[in-house]
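Q: Have a look at this fold, sequence not included:
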């Protein structure tokens, strides 16, 4: 904190220095003027229209953006043009190569005891059924129960895993359930099952199946994997309570080659330490079923709007703000790992990373994971966030999915945690559309982001 | 009211006679004992499981029941068996003949400015597109605006009618919007349009299109008609705000012949005037997209449960209760007209008619449309309904869709009006499934129905 005396001298407002510092705590290095500017930017952004325009235009003019599809390419083109139109200092594309997974069609029916359709969607990465697969269904409450089952209970059958997701503000219900989605086909395939159906990883009771990525092991037979909508999972559960159940599944999907997409990057050049960067952003890709409004058009829009405001002379950041619209988050953070690999040699110049990728609910908590030396300055940011209805969270935060590869390389991260209570009602479904975004909540996000980004960009680094 | 003195003599409870009668109002003919029995039955039914079992089993073991489909036939078989299992005094099937409309497939895409899928469903009765139809879209806020348009604005185009439905407790938002659904193809076809797309007649913002019946005129070209889900209607609206829009539609659907379905009828024989009947019920058919839980599995279940309870000696009705599970309500009250035609010669023996067909929301209002002479007795029913949270409504009620043909023949009707605030979120969509029914609200319905039916069955007729 060696700059503190100098900063105190330059501060125009009262209260700088030891009097504001609680006992046993080092004072932060942000000046009152910087804090005041951030508060002004925060309040201004509550009435901005930029984020809404970005997410409305993206979801309307492009729609869904599944990795490797023509819509994905259109999305990249659209994003690059929008960054240029918004006047960013520098706009670049960086290639991201990945296996191309395609969904052609998917349907399922109860065949016996009486025919009726089931609403399903293939999980990302699933193989197809090679025509219509017909088999009896065997029930498991959880993937652990499946794991414990004897092979002969499962062989030749369609495995149904019925675990329900709990609704929580922080999405903590997701982890315990997603194992069945990502790993169900491995476990079932090893026991000789012919397919796996899971209850959707979602908190709604609407007739939309939730897609999402799944994985195979190379040495285990690859069996098709799909999700049932929650009402259809209820229906299968009730039918099984009444006796034997036979289901037909017809899925055409699979990996068909390699595709090169792009991370789309826009910068606001820093005024003090331009060679140092703060990486923010969201992911530009989405699943194919909805239009990717909540996941993650909103995150791209919020961070773009915040970064865009910092282009003005009255709000210039200290460091360079690097806004990344990541490619292919959905199928394994592929754009994020590509970014980290491409920038590994300059990793020391990355001061901070944070992504917005949890829908469009209000930011309700400010979580950090920075060095002890920097923490007092990051604590100074909190009182400016607090009027937005934000609580101070913990010190061991992640920075969002696409920040994981950077955090693994040692970069400090923060998270503006969003209220995700309803997020998993829509996540990875056809119902993820623009009407699910509340414009006021979106702007509360922009206000929080500009506060964070502007102030963090002015925190002197430990060596500065 | 000539029986009044006798009934007063037979009443076991206090308060019978003039003291309870407000000035200028004739006293009702129901006895205090009858009112007390009704109140007991009412309270008992709040804890009954019969209605839930009926609607759960029907929607699980049969599922959707679109008129003329194998599921419709299965539904009739199921209903007949359930009536027999429940021990009704008499169970009969009556044939109902109608044109068979089939839905094979339906899809739509934005073609230009950029390809993206649209969630649609063909309207009931629509012709198909005969392959893929591609045309520009022309916007109308309402069917009246379309009516006022010059032919050259419309010719060769896909007409889009964007009228939104308002959410209300009594479904009063439905009427003003449904004209576009039922009549849009006539008006657009007369002006040379190639197809019509309407904003769904529904109050949700979910990606489900709402189907429902439409009509052609014989002397106007028949053009395909489909509904867009509300988020997709928003999307089309936004795309049109940005410029020209071309859409492709591929619908295979149409009338393919004649089918004979059945009204399924179960009776509880009256103890006093068995030749006189009260017709209650719901419609057994549904649209094909959901499982017909709210529309109208719930109505069938509620009225079945109420009638079933009256089979016991301690609750025998005065008149015969005729529970009708009507065929093909959805495509034009066809089962209802068949019932009225089949029973026209005995219409004078129909004392009352009432149907439950507005979902599974709580009954909130008691509406009547009976003779002045009978009204005081029907007023006696209200205080027994009131503890269920029910208000007294008007005197010019209908009795429900399938009661219309009977009311046209002069039969008195009442309505136990349900809270339909959320009904049109699910109406005629894939999302009309069992999970949308609140078991407590369902039983409140049963409680109201048994109160009404038991007491009405004991009201002396004007000539008795």
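A: Received it, and whenever you're ready, just let me know what you need. Every value quoted in this text rests on a predicted model; they were computed, and no experiment measured them.
Q: May I ask which helix or strand encompasses the residue positioned nearest the centre of chain A?
A: Centroid-nearest residue in chain A, with CA atoms, centre = their mean: residue A:357, separated by 3.2 Å. Assigned by DSSP states H and E, residue A:357 belongs to neither a helix nor a strand.
Q: what does the stretch 251-400 of chain A put close to chain B?
A: Neighbours of chain B within the stretch 251-400 of chain A, by CB under 8 Å from any CB of the partner chain: A:290-291. All C-beta spots, glycine's among them, are computed from the backbone N, C-alpha and C.
Q: ok, which stretches of the stretch 251-400 of chain A are strands?
A: A:273-283, A:319-326, A:350-355, A:363-369, A:391-392 (DSSP state E, counting those that start in this stretch).
Q: Can you tell me how far residue A:461 is from residue B:277?
A: Distance, residue A:461 to residue B:277, by CB to CB, to the nearest Å: 88 Å.
Q: out of these two, which sits in the busier spot?
A: The neighbour comparison of residue A:461 against residue B:277 (other CB atoms under 10 Å in any protein chain shown) goes to residue B:277, with 22 against 17.
Q: Quick check: the more buried one touching residue B:351?
A: Yes. Under the criterion of CB atoms under 8 Å, residue B:277 makes contact with residue B:351 at 6.7 Å.
Q: residues shared between the contacts of the two?
A: Common neighbours of residue B:277 and residue B:351 are listed as residue B:319 (criterion: CB atoms under 8 Å, 6 or more residues apart in numbering or on different chains).
Q: Number of residues surrounding residue A:244?
A: Residue A:244 has 10 neighbours, counted by other CB under 10 Å.
Q: ignore the last one, residue A:240
A: Neighbour count for residue A:240, taken as other CB under 10 Å: 15.
Q: a helix runs through it, doesn't it?
A: Yes. Looking at residue A:240 with DSSP: H, G, I helix; E, B strand; the rest coil, it is inside a helix.
Q: Can you name the residues that contact it?
A: Residues near residue A:240 by CB under 8 Å, 6+ apart: A:137, A:139, A:160.
Q: In helices, which of those residues appear?
A: With helices taken from DSSP state H, there is no overlap with the contacts of residue A:240.
Q: quick one on the thing from earlier: kindly provide the distance from the residue nearest to the centre of chain A to chain B.
A: 22 Å (CB to the nearest CB, to the nearest Å).
Q: confidence score at the closest residue to residue A:173 other than its chain neighbours?
A: Once flanking residues are discounted, residue A:173 sits nearest to residue A:166: 3.7 Å by CB to CB, 6 or more residues apart in numbering or on different chains. Per-residue pLDDT puts residue A:166 at 97.
Q: Same question for residue A:272.
A: If you check residue A:272, the pLDDT there is 97.
Q: burial measure for it, as a count.
A: 14.
Q: show me what contacts it?
A: Here residue A:272 is in contact with A:318-319, A:458 (CB under 8 Å, 6+ apart).
Q: Tabulate the residues you listed in TSV, adding columns for neighbour count and pLDDT.
A: Formatted as TSV, those follow (neighbours: other CB atoms under 10 Å in any protein chain shown; pLDDT from 0 to 100):
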residue	neighbour count	pLDDT
A:318	23	98
A:319	26	98
A:458	25	98
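Q: Run a quick check on residue A:116 versus residue A:110, I expect a contact.
A: Yes. In this structure residue A:116 lies within contact range of residue A:110 using CB under 8 Å: 4.8 Å.
Q: Now the common contact residues for these two.
A: A:235, B:63.
Q: Leaving out chain neighbours, which residue sits closest to residue A:41?
A: residue A:450 (4.7 Å).
Q: Please apply the same query to residue A:83.
A: residue A:266 (3.9 Å).
Q: Equivalent analysis for residue A:153, please.
A: Residue A:153 sits nearest to residue A:138 (CB to CB, 6+ apart), 6.2 Å away.
Q: That neighbour - how many residues pack around it?
A: Residue A:138: 20 neighbours (other CB under 10 Å).
Q: Output the strands of the stretch 251-400 of chain A as a markdown table; include the columns distance to residue B:235.
A: Shown next, in a markdown table, are these (distance: least, CB to CB, whole Å):
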| stretch | distance to residue B:235 |
| --- | --- |
| strand A:273-283 | 21 |
| strand A:319-326 | 22 |
| strand A:350-355 | 27 |
| strand A:363-369 | 28 |
| strand A:391-392 | 36 |
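Q: Show me the shaky parts of the stretch 351-464 of chain A.
A: A:463-464 (pLDDT under 70).
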